[in-house]
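1. Give me a model of this one.
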Amino acid sequence: MAAVHVPVLRDRVVAWLAPTAPGLLVDVTVGLGGHAAALLEAAPGLRLVGLDRDPEAIEHARQRLQPFSDRVRLIQGAFADLPAVLHSLGSPPVAAVLADLGCSSLQLDSPERGFSFSRSGPLDMRMSLAGPTAGDLVNEAAEDELVRVLREYGDERRARRVARAIVDARRRRPIRTTDELAHVVAGAVGGGGGHRIHPATRTFQALRIAVNDELGQLERLVGPAVRALQPEGRIAVISFHSLEDRIVKHSLRRLAGGCVCPPEAPACTCRPERLIEILTRRAERPAADEIAANPRARSARLRVARRIGAET
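-> Here you go, the predicted structure:
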């Protein structure tokens with residue numbers, strides 16, 4: 001029997017969210033259902049609405065959450081769809097919102113999904129199994145567009161070199177698989193053993209973010225999620241790279257009443273609205289033993305906030 005997947009920072013998520021008042025938990029990235037199962041077990045008063053863009057994830061979560069089936073509703077959809085989903089359910093008060101960003105183990109470990117350069121598979125990277133693929137972007141985007149994607153979403157310092165290598169390679173023949181792309185990138189930036197990470201890591205991250213509009217989705221999530229919370233309700237977000245964490249950090253600060261006026265402004269004119277109290281002074285990180293058991297957890301960051309005041 002396969003081992004049960006243990007989600008990143010599970011115990012910390014349970015510690016922060018299980019004490020919320022009985023009510024509705026919305027897991028906007030339900031994935032394999034690991035966090036949801038732990039929370040439903042720890043807090044019998046919670047009911048779950050679980051969202052995920054990936055239809056395969058929805059089916060895995062359905063199996064994992066079968067013992068709690070009378071308290072669970074699973075919906076295929078992106079987390080930016082949260083307002084529409086809640087409206088369709090009659091706009092119920094929400095006790096907690098959880099977002100575990102990035103790829104699931106199911107996606108990373110499935111070569112046919114094309115998320116990982118460590119396994120040969122088609123250049124796909126779509127979380128929803130719909131829309132343009134990473135292969136479409138790699139083989140059709142102009143060089144300047146590839147440079148922008150690699151710089152903005154991958155923080156790739158050698159973006160121009162990588163983009164040019166991709167364009168040169170696809171002139172000879174289309175780049176179809178993950179290992180073909182990884183080989184092109186390694187050839188452009190060097191694939192020696194001195195690299196702390198694989199030379200294609202940033203390229204794959206950038207393409208995945210672009211294909212799935214991950215940062216745009218995140219920017220459209222935090223504000224509506226906070227506004228959906230009932231007083232004392234909590235939101236917890238786990239991010240896996242600095243671009244995500246920066247958006248979460250700044251969004252929560254703004255919703256906690258922080259001024260967002262330009263630094264050069266002589267006085268505050270943005271009239272910040274204080275909707276939340278941030279509960280994590282700094283982002284929480286996995287302990288060493290968790291990282292040893294699950295190396296993919298090493299970059300995880302958890303931020304939590306509590307809704308204050310009346311609902312809006």
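
2. Quick check: which helices or strands does the biggest strand by length in the chain pack against?
-> Assignment by DSSP state E gives strand 229-239 as the longest strand of the chain. In terms of contact count using 3 or more C-beta pairs under 8 Å, 6 or more residues apart in numbering; DSSP states H and E, strand 229-239 is assigned the packing partners helix 10-17, strand 94-100, helix 222-228, helix 242-255, strand 301-307. Heads up, the C-betas are built off the backbone N, CA and C, glycines and all.

3. Report the strands that pair with that strand, each with its relative direction.
-> Partner strands for strand 229-239, per DSSP bridges, with pairing direction: strand 94-100 (parallel), strand 301-307 (antiparallel).

4. Taking the centroid of this protein, which residue is nearest it?
-> residue 101 (1.7 Å; C-alpha atoms, centre = their mean).

5. ok, it - contacts?
-> Contact partners of residue 101, counting by C-beta atoms under 8 Å, 6 or more residues apart in numbering, are 29, 214, 218, 237-240, 244.

6. List just the nearest of these to residue 96.
-> Relative to residue 96, the closest of those is residue 237; by C-beta to C-beta it sits at 11.7 Å.

7. Any idea what that closest one is bridged to?
-> Assessed by DSSP bridges, residue 237 has beta-bridge partners residue 99, residue 303.

8. show me what contacts it?
-> With C-beta under 8 Å, 6+ apart, residue 237 has these contacts: 98-99, 101, 222, 248, 302-304.

9. now swap in residue 117 and tell me
-> 178-179, 181-182, 198, 200-201, 204.

10. what secondary structure does it sit in?
-> coil (DSSP: H, G, I helix; E, B strand; the rest coil).

11. which residue packs closest to it, ignoring adjacent ones?
-> residue 182 (3.9 Å; C-beta to C-beta, 6 or more residues apart in numbering).

12. What of residue 302?
-> Nearest to residue 302 is residue 284, by C-beta to C-beta, 6+ apart, at 4.3 Å.

13. what's the angle from the longest strand of the chain to helix 10-17?
-> Put simply, strand 229-239 runs at 160 degrees to helix 10-17, going by axes from the mean of the first three to the mean of the last three C-alpha atoms, to 10 degrees.

14. What residues sit buried inside strand 229-239?
-> By neighbour count on 16 or more other C-beta atoms under 10 Å, the buried set for strand 229-239 is 229-230, 233-239.

15. in this protein, which spans are helices?
-> Using DSSP state H, the helices found in the chain span residues 10-17, 34-42, 55-64, 82-88, 105-108, 134-140, 143-154, 159-172, 178-189, 201-212, 214-219, 222-228, 242-255, 288-293.

16. could these be laid out in JSON lines, adding distance to residue 308, mean pLDDT and mean neighbour count?
-> Shown next, in JSON lines, are the helices of the chain (distance: least, C-beta to C-beta, whole Å; pLDDT from 0 to 100; neighbours: other C-beta atoms under 10 Å):
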{"stretch": "helix 10-17", "distance to residue 308": "16", "mean pLDDT": "96", "mean neighbour count": "20"}
{"stretch": "helix 34-42", "distance to residue 308": "22", "mean pLDDT": "96", "mean neighbour count": "22"}
{"stretch": "helix 55-64", "distance to residue 308": "31", "mean pLDDT": "94", "mean neighbour count": "17"}
{"stretch": "helix 82-88", "distance to residue 308": "20", "mean pLDDT": "95", "mean neighbour count": "15"}
{"stretch": "helix 105-108", "distance to residue 308": "35", "mean pLDDT": "73", "mean neighbour count": "17"}
{"stretch": "helix 134-140", "distance to residue 308": "41", "mean pLDDT": "97", "mean neighbour count": "19"}
{"stretch": "helix 143-154", "distance to residue 308": "34", "mean pLDDT": "97", "mean neighbour count": "18"}
{"stretch": "helix 159-172", "distance to residue 308": "42", "mean pLDDT": "98", "mean neighbour count": "17"}
{"stretch": "helix 178-189", "distance to residue 308": "46", "mean pLDDT": "94", "mean neighbour count": "20"}
{"stretch": "helix 201-212", "distance to residue 308": "32", "mean pLDDT": "94", "mean neighbour count": "23"}
{"stretch": "helix 214-219", "distance to residue 308": "22", "mean pLDDT": "93", "mean neighbour count": "18"}
{"stretch": "helix 222-228", "distance to residue 308": "10", "mean pLDDT": "96", "mean neighbour count": "21"}
{"stretch": "helix 242-255", "distance to residue 308": "10", "mean pLDDT": "95", "mean neighbour count": "19"}
{"stretch": "helix 288-293", "distance to residue 308": "31", "mean pLDDT": "94", "mean neighbour count": "12"}
